[in-house]
Structure formats: structure tokens, C-alpha cells
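**Student:** this is a predicted model, with the sequence first.
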Amino acid sequence: MKFNDTLTNLVRQTLEAGAVPALMGEPGIGKSSFVEALAYETGTKAFTLPMNQLADKADLTGARLVPTADGKSFSQVFYPHHVIQDAIEYALANPREWPILFLDEINRTTSDVTSGALTLVTLRKMGHIQLPGNLRLMVAGNDKGNVTTLDEASLSRFAIFHVEPDAPTLIGVLGSGMNEWVKEVLTQFPGLVFQKSTPNVLVADGKDDDDDGNVTMSDLFDGGEEMNQLTTPRTIDNLSRWLNVADRQELAAYLATPAVIEGRETTVLNEVLEAFVGDTMFTTQLVATIAKDLAANSGGAVQNRIVVPRPNCYAGLKAAATVTDLAGEIAKLTDNEKSGSLLYALKETADNSRLIEQLALATSQIEQEHMRTLVEMLSNQQVDRSNLEAFLEVNAPVVQAVSPLLSAFL
């Protein structure tokens with residue numbers, strides 16, 4: 001379920017009924033911000049306790065053994081975490097409000113801490129300290145990845161809402177503080193609001209065509225020791241705030257300065273943006289948007305450095321005399337050669353309509369590097385317009401996948 005008014009109403013009703021909503025989803029998608037906004041809308045406060053910062057149950061409960069008055073024995077005394085204590089004190093001082101005690105990352109911690117949190121939810125007390133009746137509880141966690149699994153008995157304590165980010169909601173939340181370039185990209189391509197770095201296949205909605213849309217933390221760390229940044233509402237917000245204070249002349253210089261990232265030729269601007277939101281289609285589209293705006297406001301003087309490789313097989317394709325011969329040559333190519341030849345055919349100033357049609361019909365996907373280069377070419381007007389129009393007219397899956405993005409440049 002997306003973060004929108006419907007979810008807000010459902011969670012509010014759940015809290016009013018005295019049940020405990022559990023927001024389960026990927027990290028960084030806005031769960032904490034949603035709870036804070038919900039508390040504000042209902043005229044109260046939210047007290048957030050990040051469970052993943054606790055080492056053991058004692059950090060949560062504050063259970064301590066202290067000597068008795070006679071010094072002959074010990075008794076157990078509870079000193080709850082200060083966030084819990086603050087929530088209790090606020091609830092007691094404001095009996096007509098329903099403040100929220102929000103236990104975040106409930107299953108991204110030790111099983112000991114998770115157990116303590118579940119006891120608090122079930123009994124509404126910690127040792128001898130009872131939670132006030134008007135104090136509402138909410139929890140959040142990650143439904144995939146390296147998490148502590150909750151059994152059915154534990155899950156039955158909650159009303160579980162599986163949540164995902166929503167670009168229009170993010171735009172509304174950030175409001176006038178959102179950078180205009182970022183807003184333009186999210187408005188045109190809302191599916192890019194959440195992506196993992198370096199997807200295998202890039203399509204217009206920001207998803208792999210073999211991906212179910214569920215990007216997990218385990219996906220990010222599967223590549224050995226490599227740590228990849230992620231495009232999420234949280235990282236988009238950070239980038240948006242940086243772009244708001246960045247100097248346009250410096251951005252233009254970054255755009256014009258070549259850089260190499262892990263063997264691929266790109267620009268310093270790409271490198272900077274990837275530091276915030278990763279190597280994703282969101283970054284590619286944002287670079288294109290920035291480049292177009294900078295060029296429009298500088299008389300077209302800003303030009304990105306575009307490297308378009310010419311595949312060794314390309315000469316053979318151009319030499320094919322008939323459609324049958326051309327189809328036979330294309331059938332011999334690898335997926336990477338088909339994608340690279342299609343890219344070069346779009347750039348070349350020549351009538352490549354026949355070649356483009358046959359390549360589009362035979363190409364299952366535009367490879368990641370080629371798609372990035374194509375967007376950069378388009379943003380710098382280095383694609384032959386007639387060839388681009390010929391490509392968009394082909395009735396083929398690869399065209400349907402990318403046409404919403406490419407059509408924006410016509």
C-alpha cells in the first residue's frame with residue numbers, strides 16, 4: 001500500500017480502535033516521516049525509538065538489580081529507555097491526546113530486543129510501569145532482508161500494512177523545498193522513486209522486467225563487499241536539498257568534466273549524484289533534466305561528453321543488401337552487440353530506418369550502459385531525429401518499454 005491519504009485514514013482508524021499498526025517495507029521509504037506526519041495531523045506528538053540502536057533487552061527495559069534497604073538481598077527495578085519514559089510522561093500530562101510511541105526497526109535488531117518490544121506491545125507495561133491508556137503504539141520494520149523473523153503468534157499482535165513509497169506523496173510532503181529538477185523527474189516518471197543501483201535492465205518505469213519491484217537489502221550486498229547507494233525518498237530528499245544550494249556554474253562544470261566510475265566513462269555530475277541516490281535510472285534521467293535546463297539557459301553552450309562506441313559488427317550490418325541478409329546478420333549477434341548497434345544507428349546521421357526496425361524487432365533489451373548513453377545523447381541533441389522517430393514507430397517490446405522516456409525529447 002502506498003503512502004497516501006488512504007493509508008493515513010486506515011492507520012488512524014486502527015489506532016482509534018486500540019490496535020497496533022505495523023508498517024512493513026523497505027528501508028528509507030518514509031515510514032518514520034509518515035508516523036511523524038500522522039501525529040501532527042491528529043494534534044499530538046510521536047516518540048520514535050529506533051530499536052536497531054539497542055544492544056540488548058536491558059537497553060529497552062532498563063531492568064536493574066539493586067540492593068534492598070537492608071542490604072541483604074536484591075530487587076529488580078525498571079528504568080525504561082528515555083524515549084519510552086518521555087512518551088509516558090507526555091501522555092499523562094495530555095490525557096485528551098493520543099500520542100504515539102513508535103518502535104522503529106523492530107525486526108532489524110537482536111531477537112532479545114525484539115522479544116522485549118513484543119512484550120511491551122502485548123502487556124502494555126514494562127516491569128511494574130504501566131503504559132497510560134491514551135498512549136498508542138505503532139511499530140515498523142523491514143519485510144525482507146537480514147531481519148529477525150516474527151512468528152505467527154507475534155504477527156497476530158499487529159495490523160500489518162505492507163507499504164511502499166509514493167512519488168506524489170513525496171512531492172507533497174517536501175512541497176516548495178523539493179528541487180525543481182527532482183520534482184520534474186518524479187512528476188514525469190513516478191516509478192523512479194525507489195530503485196536499487198545498477199539494474200540489469202532499464203525500462204521507463206524504473207523496474208527490471210524480471211523484477212517484482214521488491215528491492216531488498218540483501219540484494220544490495222549480494223555483490224561481494226560492494227556497497228551500493230539506493231534511490232529512496234530519504235536519499236532523494238538529501239539530494240534535493242544539496243541541489244537547492246548548488247551553484248549552477250559549478251553544476252555546468254561538473255557536467256562538462258569527464259570521469260570514470262568503475263570502468264565506465266561518465267561525468268563528475270553523474271559521480272556526485274550517484275553518491276546521493278546510486279547508479280539508477282533516476283540518476284540518469286535527472287542528469288538529462290539538469291543538462292537540458294543548463295543548456296537552455298546558457299545558449300546551448302553546455303555540452304556533455306558523449307562516447308558512443310561503434311561495434312565491430314556494425315559494418316557488416318550496413319553492408320547487408322536485403323532485409324533477409326540483414327536479418328541473417330542480426331541473428332548472429334549477441335544481445336550486447338544488438339543493443340550497441342541500435343545505439344550507434346540512432347546516433348549516425350544517415351537513413352537507418354530499415355536497420356533500426358530489424359534491430360528493434362530482434363533486441364530484447366537495451367543494455368544498461370547503452371541506455372544511459374542514449375539518454376545523455378538525447379539531452380545533448382546528439383541523436384538523429386529521423387532515426388529516433390523511426391525507432392519509436394516500430395511495434396516491438398523494446399520500443400514500448402522505453403518510448404515514454406524517449407518521447408519526452410521529441
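**Tutor:** Received it, and whenever you're ready, just let me know what you need.

**Student:** residue 177 reaches residue 240, doesn't it?
**Tutor:** Yes: under the contact definition of C-beta atoms under 8 Å, residue 177 touches residue 240, with a separation of 7.3 Å. Bear in mind the C-beta positions are built from the backbone N, C-alpha and C, glycine included.

**Student:** now the helices for the stretch 1-150 of the chain?
**Tutor:** Counting by DSSP state H, counting those that start in this stretch, the stretch 1-150 of the chain has helices at residues 5-16, 31-41, 57-61, 82-93, 111-123.

**Student:** mind telling me which of the ones you listed the model trusts least?
**Tutor:** Of all the helices of the stretch 1-150 of the chain, mean pLDDT reaches its minimum on helix 57-61 (a mean of 76).

**Student:** now for it, which elements pack on it?
**Tutor:** When contacts are defined as 3 or more C-beta pairs under 8 Å, 6 or more residues apart in numbering; DSSP states H and E, helix 57-61 sits against helix 111-123.

**Student:** what's the helix it packs on in contact with?
**Tutor:** Contact with helix 111-123 is made by 20, 51, 54-57, 59-61, 84, 103, 106-107, 126, 131, 137, 139, 148, 150, 154, 157-158, as judged by C-beta atoms under 8 Å, 6 or more residues apart in numbering.

**Student:** contacts only, for the residue nearest to residue 137 when sequence neighbours are not counted.
**Tutor:** In space, not counting the residues next to it along the chain, residue 137 is nearest to residue 20; the distance is 4.8 Å by C-beta to C-beta, 6 or more residues apart in numbering. Shown in contact with residue 20 (C-beta under 8 Å, 6+ apart): 14, 121, 137-139, 157-159.

**Student:** in three-state terms, label residue 260 for me.
**Tutor:** Assigned state for residue 260: strand (three-state reduction, DSSP: H, G, I helix; E, B strand; the rest coil).

**Student:** okay, and the beta partners of it?
**Tutor:** Counting by DSSP bridges, residue 260 forms beta bridges with residue 265.

**Student:** that one and residue 266 touch, don't they?
**Tutor:** Yes: at 7.3 Å, residue 260 counts as touching residue 266 under the criterion of C-beta under 8 Å.

**Student:** quick one: which of these two has more around it?
**Tutor:** Shown here are residue 260 and residue 266; by other C-beta atoms under 10 Å, residue 266 has more neighbours (24 against 9).

**Student:** just the pLDDT for the more buried one.
**Tutor:** pLDDT at residue 266 comes out at 84.

**Student:** could you report the distance from it to residue 370?
**Tutor:** Look at residue 266 and residue 370: by C-beta to C-beta, to the nearest Å, they are 13 Å apart.

**Student:** where in the protein is pLDDT low?
**Tutor:** Applying pLDDT under 70 to the chain flags residues 62-66, 74-78, 144-151, 153-154, 198-226, 298-306, 408, 410.

**Student:** pull the helix ranked longest in it out as CSV, backbone CA atoms only.
**Tutor:** The single longest helix within the chain, with elements called by DSSP state H, is helix 281-296. Extracted as CSV, the C-alpha positions of helix 281-296 are listed here (Å, rounded to 0.1, in the frame of the first residue of the first chain):
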residue,chain,number,x,y,z
MET,A,281,17.6,5.3,-13.9
PHE,A,282,16.5,8.2,-11.6
THR,A,283,20.1,9.5,-11.7
THR,A,284,20.3,9.1,-15.5
GLN,A,285,17.1,11.0,-16.0
LEU,A,286,18.0,13.7,-13.5
VAL,A,287,21.3,14.3,-15.3
ALA,A,288,19.5,14.7,-18.5
THR,A,289,17.0,17.1,-17.0
ILE,A,290,19.7,19.2,-15.4
ALA,A,291,21.7,19.2,-18.7
LYS,A,292,18.7,20.4,-20.7
ASP,A,293,18.0,23.2,-18.3
LEU,A,294,21.6,24.4,-18.1
ALA,A,295,21.9,24.3,-21.9
ALA,A,296,18.6,26.2,-22.4
